[in-house]
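>>> got a predicted model here, sequence first, then my questions.
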Protein chains: 2
Amino acid sequence: MKRKDEVYAPIWELSDLWANLTGEERRDLTNHIELVHFAKNEHIHSEGDESQYMWMLLKGKVRIYKEGIGQRQQIIRLLKPYDIFGYRACIACEPYNASASAFEASDVYRIDRECFNRLIRANGAFCYGVMLTMAKDLAISEIQTVNLTQKHIRGRLAESLLLLLKNYGYDADGQTLAMLLPREDLANMSNMTTSNAIRTLSQFAQEGLITIDGRRIQIIKEKELERISRLG
Amino acid sequence: MKRKDEVYAPIWELSDLWANLTGEERRDLTNHIELVHFAKNEHIHSEGDESQYMWMLLKGKVRIYKEGIGQRQQIIRLLKPYDIFGYRACIACEPYNASASAFEASDVYRIDRECFNRLIRANGAFCYGVMLTMAKDLAISEIQTVNLTQKHIRGRLAESLLLLLKNYGYDADGQTLAMLLPREDLANMSNMTTSNAIRTLSQFAQEGLITIDGRRIQIIKEKELERISRLG
DNA sequence: AATTTAATATGTTTTTTAACATATTTTGAT
DNA sequence: ATCAAAATATGTTAAAAAACATATTAAATT
């Protein structure tokens, strides 16, 4: 991690969530925010660390994951620019309950916990906005629990592919998933071993649902993937 | 469901969460809160229903669950008196994303969504309190995801038994779990079939970790159950 | 009390998934 | 360009869990 010279607009111009701060609150925030850069695959924070900061992604991609049994990771959430993370732990004044690391070179705003909590307590509109974000994340988490526990391998993988599509969309060519993931991460999203992610992916390709070219995945039959995901 | 004649104190005297409301807010709330009663196993709300109310349990026990693939339920959360539920959907102005039903005869305060949202928007301290509750629930949900996906059957069941113990404690005799659950609910908590819940439970009994007498379960070797839960 | 129904228990079989083994390909470093 | 290391691919085996089958017991209803 290093400080970054690249200049971004103030956070309240980048994301609606932060638009309601008063002048004084903005000054407070300015004193407690820092732009930091993470290299590809660099670690941002660990499960169990004291939550010193909350974060907002500016550029790049970040994974949030939990360590499970025997080094197996479970990817909880994939972030795109202007998503916030680490805020739950800050609000509850608890250690992070998940780890974060950068998929690719990423720029992040890092805000001191005490400042963030001050803003939440002082500014009702801001508090409400953060609350809406948390309400969404909670719903996603509960849906995810059922997806991962009750669907079979093919259903879980189809689900993950559709999630990547929904979250990051297509590449410039309009066909290839914009998020190029190693098979291991795909497995960690889908609660399966890397072998099974590879195997099932190539099954999907054989069935003509997708094409694969290394990490480049094209979705050919989205409807059919949805069906597989839905039926488990 | 029926109205209840039994008298409870106003909600702001029952739970710290509601203690910060102003006089006017209390009057607003009084006009939009109702005491309702649910019989054993009665349904409270369904996944997908418009979230007309948020709820606070006063007496009894309530399960929150999601319908999964092929009629399999996943119990998301077990409630005890003064826990709130349905609040996430109200805040996000979305349909409920889970169902609720009473384990046993239960009394519940039911608050109109618009009133609840008014209070959240108007009262920063109240908003902050609800936020803290949601932060806890989000952490629990994320932990649960990993528990249910990565632990093996014995680990998941041990986890559920310990959760029941932590949540509801012991009966008057100081040994028996206060929460008497059908095997099916135990299975729905632990992401397994009823058969496997029964089988694994009787294994635990054979190993002397617990004793079972119908639905009455005594925890004999808590430490060992913790070990089984931890190792998966 | 008798009868039906639901819940619990347990053995057997089948399916699913992880674990293991081993090529092959790709990537990164020198 | 060459080599080493990592990632991908795929077949085989072992383990886990669900599905199925069928008693047995307990609870509810008449």
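Looks like it arrived, so ask away.
>>> burial count for the closest residue to A:T30 other than its chain neighbours?
With sequence-adjacent residues excluded and distances taken as Cβ to Cβ, 6 or more residues apart in numbering or on different chains, A:T30 is closest to A:P10, at 7.3 Å. All C-beta atoms are positioned from the backbone trio N, CA, C, and that covers glycine. Neighbour count for A:P10, taken as other Cβ atoms under 10 Å in any protein chain shown: 13.
>>> against chain B, how distant is A:P10?
Taking Cβ to the nearest Cβ, to the nearest Å as the measure, A:P10 falls 24 Å from chain B.
>>> could you report the pLDDT at that residue?
On the pLDDT scale, A:P10 is placed at 96.
>>> give me the next element, helix or strand, following the helix or strand bottoming out on mean pLDDT in chain A.
Counting by mean pLDDT, DSSP states H and E, chain A has its least confident helix or strand at strand A:2-3, which shows a mean of 60. Remark: after strand A:2-3, the chain's next helix or strand is helix A:11-14, criterion DSSP states H and E.
>>> grab the nearest non-local neighbour of A:T211.
Per Cβ to Cβ, 6+ apart, closest to A:T211 is A:Q218, 4.5 Å.
>>> what angle do the helix or strand harbouring A:E142 and helix B:124-150 make?
A:E142 is part of helix A:124-150 when elements are defined by DSSP H and E. Per axes from the mean of the first three to the mean of the last three Cα atoms, to 10 degrees, the angle that helix A:124-150 makes with helix B:124-150 is 20 degrees.
>>> give me the contacts around the helix or strand just after helix A:124-150.
Sequence-wise, the next helix or strand downstream of helix A:124-150 (DSSP H and E) is helix A:153-168. Here helix A:153-168 makes contact (Cβ atoms under 8 Å, 6 or more residues apart in numbering or on different chains) with A:61, A:78, A:80, A:147-148, A:151, A:177-179, A:181, A:186, A:189-192, A:196-197, A:200-201, A:203-204, A:210, A:217, A:219, A:222, A:225-226, A:228-232, B:69.
>>> are any of the residues you listed buried, and which?
Buried by 16 or more other Cβ atoms under 10 Å in any protein chain shown: A:61, A:78, A:147-148, A:151, A:177, A:179, A:181, A:186, A:189-192, A:196-197, A:200-201, A:204, A:210, A:217, A:219, A:225, A:228-229, A:232, B:69, out of the contacts of helix A:153-168.
>>> among these, name the ones in strands.
Using DSSP state E, the subset of the buried ones among the contacts of helix A:153-168 located in strands is A:78, A:210, A:217, A:219.
>>> which two in these are spaced the farthest apart?
A:L78 and A:I210 (18.5 Å; Cβ to Cβ).
>>> domains for chain A, by residue range?
Domain ranges of chain A: A:2-141, A:151-231, per automatic domain parsing.
>>> ends of the shortest one, how far apart?
Think domain A:151-231. In domain A:151-231, first residue to last residue: 8 Å (Cα to Cα, to the nearest Å).
>>> distance between that domain and the chain's centre?
Computed by Cα atoms, centre = their mean, to the nearest Å, the separation of domain A:151-231 from the middle of its chain amounts to 17 Å.
>>> one more: stretch A:111-119?
21 Å.
>>> next: stretch A:56-67.
For stretch A:56-67, the distance to the chain centre is 5 Å (Cα atoms, centre = their mean).
>>> is that stretch in proximity to DNA strand C?
No - Stretch A:56-67 is not in contact with DNA strand C by Cβ under 7 Å from any atom of the strand; minimum separation 14.8 Å.
>>> put the alpha carbons of that stretch into CSV.
Backbone C-alpha positions of stretch A:56-67 (Å, rounded to 0.1, in the frame of the first residue of the first chain) are rendered in CSV as follows:
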residue,chain,number,x,y,z
MET,A,56,-14.5,3.6,-0.5
LEU,A,57,-13.2,2.1,-3.7
LEU,A,58,-12.3,4.6,-6.4
LYS,A,59,-10.7,2.6,-9.1
GLY,A,60,-10.1,-1.1,-9.6
LYS,A,61,-11.7,-4.1,-8.1
VAL,A,62,-11.7,-5.5,-4.5
ARG,A,63,-12.8,-8.8,-3.0
ILE,A,64,-14.2,-9.2,0.5
TYR,A,65,-13.8,-12.7,1.8
LYS,A,66,-13.8,-14.8,5.0
GLU,A,67,-11.4,-17.5,5.9
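>>> any idea of the pLDDT on the residue nearest to A:I210 when sequence neighbours are not counted?
Spatial nearest neighbour of A:I210, chain neighbours left out: A:F204 (4.9 Å); criterion: Cβ to Cβ, 6+ apart. pLDDT, A:F204: 96.
>>> do the same with the one 5 residues further on
The confidence metric pLDDT takes the value 96 at A:L209.
>>> what's the answer for A:R230, then?
92.
>>> mind listing what the nearest residue to A:Q52 once chain neighbours are set aside touches?
With Cβ to Cβ, 6+ apart as the criterion, A:Q52 has its nearest non-adjacent residue at 5.8 Å, and that residue is A:R113. A:R113 makes contact with A:51-54, A:90, A:93 under the criterion Cβ under 8 Å, 6+ apart.
>>> what's the answer for A:R121, then?
Applying Cβ under 8 Å, 6+ apart, the residues near A:R121 are A:127, B:124, B:128.
>>> burial of the residue lying closest to the second one once chain neighbours are set aside, as a residue count?
Put plainly, it is B:G124. Excluding its sequence neighbours, the residue lying closest to B:G124 (Cβ to Cβ, 6+ apart) is A:G124, at 4.5 Å. By the measure other Cβ under 10 Å, the count of residues near A:G124 is 19.
>>> phi and psi next, for A:V108.
phi -140, psi 140 (degrees, to the nearest 10).
>>> what bridges to it?
Note on A:V108: beta-bridge partners A:V36, A:L57, judged by DSSP bridges.
>>> wait, the residue nearest to B:G124 sits on B:A125?
No - taking contacts as Cβ atoms under 8 Å, A:G124 lies outside contact range of B:A125: 9.6 Å.
>>> show me what from chain A comes close to DNA strand D.
A:182-184, A:194-195, A:198-199, A:201-202, A:212, A:214-215.
>>> which of these are buried?
Buried among the residues of chain A next to DNA strand D by 16+ other Cβ under 10 Å: A:183, A:198, A:201.
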